[in-house]
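Engineer: below are the sequence and a predicted model; questions follow.
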Amino acid sequence: MTAPAVVDLEEITAVIFDTDGVITDTARVHAAAWKQVFDTFLDEYARRSGERFPPFDAGEDYLRHVDGKSRLDGVNDFLRSRNITVDPDTAAGLAAAKDASFRAEISAHGVTPFPSTLDLVRELRRREVLTAAVSASRNCARVLEAANAAGLFDVRVDGVAAARLKLAGKPDPALFLHAARRLGVSPGRAAVVEDSLAGVRAGRRGRFKLVIGVDRHDRGQALRAAGADLVVTDLAELRLKGRRRNR
């Protein structure tokens, strides 16, 4: 029998959530947008070079090369996996095309939050635990608003802030550390909740008290190897311990 995943709120005073894949079911939308952009590019590149390349895999390639990273880092990491090097303007163009595809998708179909995540955030706030939403995406504010979740977080740190402040992308912990600073807590008093390997590594490198991996893709072992202290398939599995509740 698996031991319950317990979060001790006498030790944790703030919880920092990744957005896509943890708060909202938008990781699949990101993956679809990347596939559209990369497959078009690979087809055009093949016609010019005469060499064929495997198409972008919205499962494995997304998780391995772009999940949790900035758009430019994702472009370069994926193309390196196909032994392709492009100039900065081309990389920026692919990143912009992906952003346009993603925005069009959420404008047309909206954003679905994970109910168990929102329930957990509300319960944390009732217990006077601070909350933050973090994302490498510049569309984080738009996504949270579309999911009716923007008002649930004390702090938001996203790709817009990262560009303005020159914060390194995951697996560097800069985004999470900045969120903790804005919340006024030390990493040793905060938890990070992530579904990406890059994000889990960032939480571990940032020396956060607790790193929780959300296993939505049957990667529990990989999340633990990356540094997750707890791994759950859904945040409804977490059990909170301690701190009084507001009535």
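Structural biologist: All right, it came through fine.
Engineer: where do the strands of this protein begin and end?
Structural biologist: Ranges of strands within the chain are 5-8, 14-18, 130-134, 155-157, 190-194, 210-214, 230-232, 238-241, based on DSSP state E.
Engineer: deepest of those strands, which one?
Structural biologist: Highest mean neighbour count of these: strand 190-194, a mean of 29 (counted as mean count of other C-beta atoms under 10 Å). Every residue, glycine included, has its C-beta placed from N, CA and C.
Engineer: roughly how far is it from the heart of the chain?
Structural biologist: On the basis of C-alpha atoms, centre = their mean, to the nearest Å, strand 190-194 sits 11 Å off its chain's mean C-alpha point.
Engineer: average pLDDT for it?
Structural biologist: The average of the pLDDT scores along strand 190-194 is 98.
Engineer: partners of it in the sheet?
Structural biologist: strand 14-18 (parallel), strand 210-214 (parallel) (DSSP bridges).
Engineer: now these in a markdown table, with mean pLDDT and distance to R142?
Structural biologist: Formatted as a markdown table, these follow (pLDDT from 0 to 100; distance: least, C-beta to C-beta, whole Å):
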| stretch | mean pLDDT | distance to R142 |
| --- | --- | --- |
| strand 14-18 | 98 | 16 |
| strand 210-214 | 98 | 22 |
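Engineer: could I get those as a markdown table with distance to D87?
Structural biologist: A markdown table is the format used below for the strands paired with strand 190-194 (distance: least, C-beta to C-beta, whole Å):
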| stretch | distance to D87 |
| --- | --- |
| strand 14-18 | 31 |
| strand 210-214 | 36 |
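Engineer: of those, which is nearest S101?
Structural biologist: strand 14-18 (21.1 Å; C-beta to C-beta).
Engineer: taking strand 130-134 as reference, get the angle to that closest one.
Structural biologist: Here the directions of strand 14-18 and strand 130-134 differ by 20 degrees (axes from the mean of the first three to the mean of the last three C-alpha atoms, to 10 degrees).
Engineer: would TSV of the strands of the chain with distance to A141 be doable?
Structural biologist: Compiled in TSV, the strands of the chain are given as follows (distance: least, C-beta to C-beta, whole Å):
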stretch	distance to A141
strand 5-8	27
strand 14-18	15
strand 130-134	9
strand 155-157	7
strand 190-194	19
strand 210-214	22
strand 230-232	27
strand 238-241	26
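Engineer: farthest residue from the center of the chain?
Structural biologist: Taking C-alpha atoms, centre = their mean, the residue of the chain most remote from its mean C-alpha position is G50, at 36.1 Å.
Engineer: how about it, phi and psi?
Structural biologist: Per-residue torsions, G50: phi 80, psi 0 (degrees, to the nearest 10).
Engineer: any idea how far D61 is from it?
Structural biologist: Look at G50 and D61: by C-beta to C-beta, to the nearest Å, they are 23 Å apart.
Engineer: next: G242.
Structural biologist: Distance of G242 to D61, computed by C-beta to C-beta: 41 Å.
Engineer: who has more neighbours out of these two?
Structural biologist: Shown here are G242 and D61; by other C-beta atoms under 10 Å, D61 has more neighbours (22 against 13).
Engineer: hmm, F78 and that one touching each other?
Structural biologist: Yes. Counting by C-beta atoms under 8 Å, F78 is a contact partner of D61 at 6.2 Å.
Engineer: L63 versus the spatially closest residue to R125 that is not a sequence neighbour, what's the distance?
Structural biologist: Of all residues not flanking R125 in the chain, T131 sits nearest, at 6.4 Å (C-beta to C-beta, 6 or more residues apart in numbering). Applying C-beta to C-beta, the value for T131 to L63 is 26 Å.
Engineer: what does the pLDDT read for K69?
Structural biologist: pLDDT recorded at K69 is 85.
Engineer: nearest to A5 among the strands paired with strand 190-194 would be which one?
Structural biologist: For these, the distance to A5 is smallest for strand 210-214, at 7.6 Å, taking C-beta to C-beta.
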